[in-house]
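Peer 1: Got a predicted model here, sequence first, then my questions.
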Amino acid sequence: MNSLVHTRKDGTRVVRLDPKKRVLFLTKDLVAIKKQLNGELDLAMNEVDPSELLDDINTDVMTPAWVCFRHKPEDIALDAYAGLMDAKGKRVFGTRALLDGEFQVIVSGQRKGTGSSRETAPQAEKWCGIELVIAASFAPIHERNNVNLGQLMAGYDVLVRLQKGEEIPLAEFTAKYDPVTRAMLEAGGLFPFSAKVRAGEIRVPVPATAKRPMTMAEKILASHLVGAQNAHVKPGDCALVRVDAGYSHEFTTAQVHHFLAQEYGADYRVTNPDKFAVFEDHLLYADGVPKMAPFASLIETLRVLQREFQRHTGVRDYSAKNGISPGICHQVAREQFLDPGDFVQATDSHTCMGGGNNSLAWGVGATEYAGLVHAGFTIVNVPESIRFELVGRLRAGVTAKDVILQILATHAVNEDTLDRVMEFGGPGLASLDMDERATLTNMATECSAKTGICEGDAPTAQWIAKRRKGADERSVAAKFVAPDAGAHYHGGVHTLDLAQVEAMVAKPGDPTYGVNIADLGETKIDIAYAGSCTAGKERDLDFYAQVIGEALDAGRRVKKGVRMLIQFGSEAVRDYAAAQGYLELFERAGVEVIQPGCGACIGCGPGVSDKAEQVTVSAINRNFQGRSGPGKLYLASPLTVAASAIEGKIVAYEPGMFRAKARA
């Protein structure tokens, strides 16, 4: 149990700070952080203005990709916060800096833990001795990972009281949670809690919510309750929920394997292995990135342990064959086995991409995934929802990527989407094909949302039936889940006129830094990267080919001095591109084509920058500092990326733009 917690003689459990331990404030003044790490400065919460604290500390900052190549938490902790860099590109936290600082509490600003679902981030803090995490708000997956690890969280007012020497009842830290989550925190995390459930010491009751209109997410969860039929749920309810499908990849599987063996013994088993899978997609091209060369042996260990896990459990195997991956997990899963009404959990924040199939899917950490793959069910707090009612049609040159960038710059910044399910529907949805819908749900996690989900319709049934042996459109449509009339949306219902959306980019540092390209000013580029789960789908390849084909017709190629790369999201997408004649088109234009995988999106493949002064325009989903190399990274749509590669600077694509310039 957390050593912050002490039991009084009357049995009351209280939290008090250890006077020999310290509090670390993650301030926007990085010099102040260094002084704290060096023991030259100690601060108190009543001396710090919350606006001076770092907001949006993402999990890439807490544990960059290379740190995650280690699968044991005690090794990960050695380089906690290795991704926090100063203006000169130097690490603020050296090796062992957090570990040796004798810190018990860590403090930051809003939306702590945005980005990837990697549980390594809170693990790094915990194994460095951090026992209390203070922030104004938390990204949902990160908060859940803290709960699973038994890490206490609180706001600034609580820290002020603790630093004054007050003992605060543990109940104040857990009161905001449902009884099950409260019991999990008080037990010290998910595995100790699960042991108490197995021993009969804790019971998870079925929600007793009365009949009510429900959102899509609520209906799917209600239909998956363990021990109940025809039930209803409401936000805040906590229950055991059956999981239909899930997956992990070589970045995460080793930890899952390690935790399962620790908790259940070397002969552990998983429930329903045919519903779960492993993928080799994230690190396949890491060997070709110079800065990753020192980690080759660690990466190979992750691959070996994933193969060991797959052989041990018998889960679906999507390993690379002859050095070629079947594709990125999120893309392959939606193509092959995610169906309407499914409840899906996987060890990656972009699991939410499955919501484009009218399924409910979100990412979880390694601890939670280990628990659910063993049991076949998991503990869920029913989330609130926010609805986006789409109307109108996108203008030529504008895509779903621009839509989600607009939502990020508005609703995500305002925290309207925080920890909520983003429900997409309305007549405008029909104008977006399935790949474009997947872009919307894929980037729900960038909005710090729980997930995204789209309503099902005829195009949904057609797309899925075409990709499922023995399925037809009627059988697929029979699984559709639609919201009830009168369903309540705690985040509100927001009408979004697609015709009003303009071509956008997100400026370097965070996906929420969105601006219209028309207002950006001239920005020359060195790299144009087209791929990832967000932008390596069939429709995305159509977009790239549309721009490049038009440029070739006008006698244009990729601008001299610019490197453009296209990477497929799956083998099926690659085969589609070949059948359409796109590969020859790309070759003529000077585009580099890469086999399926995550690659540059995770900083582990061709297309990463290698100098701070390089500028990249990319169709990937997040642009945190250092994520895809040390250069400046702008996020944009597939059309913008391709057009910018031709022009050598960031431009919005307009049909006919190259022919018009040729005539001029």
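Peer 2: Received, thanks.
Peer 1: pLDDT on stretch 454-463, on average?
Peer 2: On average, the pLDDT along stretch 454-463 is 98.
Peer 1: Just the CA atoms of the longest helix anywhere in the chain, as PDB, please.
Peer 2: Within the chain, and with DSSP state H defining each element, the longest helix by residue count is helix 296-313. This file holds the C-alpha atoms of helix 296-313, laid out as PDB (Å, rounded to 0.1, in the frame of the first residue of the first chain):
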ATOM      1  CA  ALA A 296      18.600  -3.000 -31.100                       C
ATOM      2  CA  SER A 297      19.000  -5.700 -28.500                       C
ATOM      3  CA  LEU A 298      16.200  -4.300 -26.300                       C
ATOM      4  CA  ILE A 299      13.900  -4.100 -29.300                       C
ATOM      5  CA  GLU A 300      14.700  -7.700 -30.200                       C
ATOM      6  CA  THR A 301      13.900  -8.800 -26.600                       C
ATOM      7  CA  LEU A 302      10.500  -7.200 -27.000                       C
ATOM      8  CA  ARG A 303       9.900  -9.200 -30.200                       C
ATOM      9  CA  VAL A 304      11.100 -12.400 -28.600                       C
ATOM     10  CA  LEU A 305       8.800 -11.900 -25.600                       C
ATOM     11  CA  GLN A 306       5.800 -11.200 -27.800                       C
ATOM     12  CA  ARG A 307       6.400 -14.400 -29.800                       C
ATOM     13  CA  GLU A 308       6.700 -16.200 -26.400                       C
ATOM     14  CA  PHE A 309       3.400 -14.700 -25.300                       C
ATOM     15  CA  GLN A 310       1.600 -15.700 -28.500                       C
ATOM     16  CA  ARG A 311       2.800 -19.300 -28.400                       C
ATOM     17  CA  HIS A 312       1.900 -19.500 -24.700                       C
ATOM     18  CA  THR A 313      -1.600 -18.100 -25.100                       C
END
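Peer 1: Now do it: which elements does it pack against?
Peer 2: Counting contacts by 3 or more CB pairs under 8 Å, 6 or more residues apart in numbering; DSSP states H and E, the secondary-structure elements packed against helix 296-313 are helix 253-264, strand 276-279. Where C-beta positions appear, they are placed from N, C-alpha and C, glycine not excepted.
Peer 1: Just send those back as CSV, with mean pLDDT too.
Peer 2: Putting those into CSV (pLDDT from 0 to 100) gives the following:
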stretch, mean pLDDT
helix 253-264, 95
strand 276-279, 98
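Peer 1: roughly how far apart are the nearest residue to residue 535 once chain neighbours are set aside and residue 628?
Peer 2: Once flanking residues are discounted, residue 535 sits nearest to residue 619: 3.4 Å by CB to CB, 6 or more residues apart in numbering. Note on residue 619: its distance to residue 628, by CB to CB, to the nearest Å, is 11 Å.
Peer 1: anything in contact with each of the two?
Peer 2: With contacts defined as CB atoms under 8 Å, 6 or more residues apart in numbering, the residues adjacent to both residue 619 and residue 628 are residue 529.
Peer 1: And residue 218, how far from residue 551?
Peer 2: Using CB to CB, which is the criterion applied here, residue 218 is 47 Å from residue 551.
Peer 1: now the longest helix of the chain: mean pLDDT?
Peer 2: The pLDDT scores in helix 296-313 average 96.
Peer 1: and if you look at stretch 426-440?
Peer 2: The model assigns stretch 426-440 a mean pLDDT of 98.
Peer 1: Return it as CSV; C-alpha atoms alone will do.
Peer 2: Listed in CSV are the C-alpha atoms of stretch 426-440, where the atom choice follows Å, rounded to 0.1, in the frame of the first residue of the first chain:
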residue,chain,number,x,y,z
GLY,A,426,-26.2,13.4,-38.4
PRO,A,427,-26.9,13.7,-42.1
GLY,A,428,-23.4,14.9,-42.8
LEU,A,429,-21.8,11.7,-41.7
ALA,A,430,-23.2,9.9,-44.8
SER,A,431,-21.0,12.1,-46.9
LEU,A,432,-17.9,10.7,-45.3
ASP,A,433,-16.7,7.3,-46.3
MET,A,434,-15.6,4.7,-43.8
ASP,A,435,-11.9,5.6,-43.9
GLU,A,436,-12.7,9.3,-43.2
ARG,A,437,-14.9,8.3,-40.3
ALA,A,438,-12.0,6.2,-39.0
THR,A,439,-9.9,9.4,-39.0
LEU,A,440,-12.4,11.2,-36.8
